[in-house]
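Peer 1: Here is a sequence together with a model predicted from it:
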Amino acid sequence: MVRANLSRCDLVKANLSRTVLYEANLSGADLKGTRLFYGAKETASPRSRTGPPDLKTGDRTGTVVERANFLGVKRLDEEQRYYVCAWGGEKTRSTIPGGCEGIPNKLGR
């Protein structure tokens with residue numbers, strides 16, 4: 001779903017793990033209970049084209065959220081916020097409600 005416009009969508013309880021949301025617009029979307037990854041938020045990472053997902057640790061199970069717009073999303077829980085901040089990169093991090101202070105930028109860009 002590269003560059004998908006999901007603004008104001010009802011994504012309640014949607015499973016978006018391993019989905020590519022590169023440059024997607026999720027502004028105003030409702031993310032209550034939306035699955036972005038499996039495992040723990042600290043060990044989850046975005047999907048990989050080369051390695052298999054590890055559903056226990058969450059390695060390579062996550063959604064690609066680089067350069068996505070999360071302005072005004074509704075019901076973003078703390079685990080989702082951590083994951084999106086950690087793996088979204090600077091552009092995505094600047095759109096996260098509540099900010100990303102104290103959350104590492106694991107993407108590094």
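Peer 2: Okay, I see it. Residues are numbered from 1 along each chain as shown.

Peer 1: Number of residues surrounding the residue lying closest to Lys13 once chain neighbours are set aside?
Peer 2: Take Lys13 and drop its neighbours on the chain: the residue closest to it by C-beta to C-beta, 6 or more residues apart in numbering is Gly33, 4.3 Å away. In short, each C-beta sits where N, CA and C put it, glycine included. Residue neighbour count, defined by other C-beta atoms under 10 Å, stands at 13 for Gly33.

Peer 1: Gly33 contacts Leu16, correct?
Peer 2: No. Using C-beta atoms under 8 Å, Gly33 is not in contact with Leu16; the gap is 11.2 Å.

Peer 1: how far away is the residue nearest the centre of the chain from Thr50?
Peer 2: Closest residue to the average C-alpha location of the chain: Val84 at 3.9 Å, with C-alpha atoms, centre = their mean. Val84 sits 23 Å away from Thr50, going by C-beta to C-beta, to the nearest Å.

Peer 1: before we move on, what about Leu26?
Peer 2: Separation of Leu26 from Thr50 (C-beta to C-beta): 27 Å.

Peer 1: Can you tell me what sits against the longest helix seen in the chain?
Peer 2: Across the chain, the longest stretch assigned as helix under DSSP state H is helix 78-87. The contact list for helix 78-87, computed with C-beta atoms under 8 Å, 6 or more residues apart in numbering, reads 31, 34, 36-37, 41-42, 44-46, 62-66, 68, 70, 76, 92-93, 96-98, 100, 103-107.
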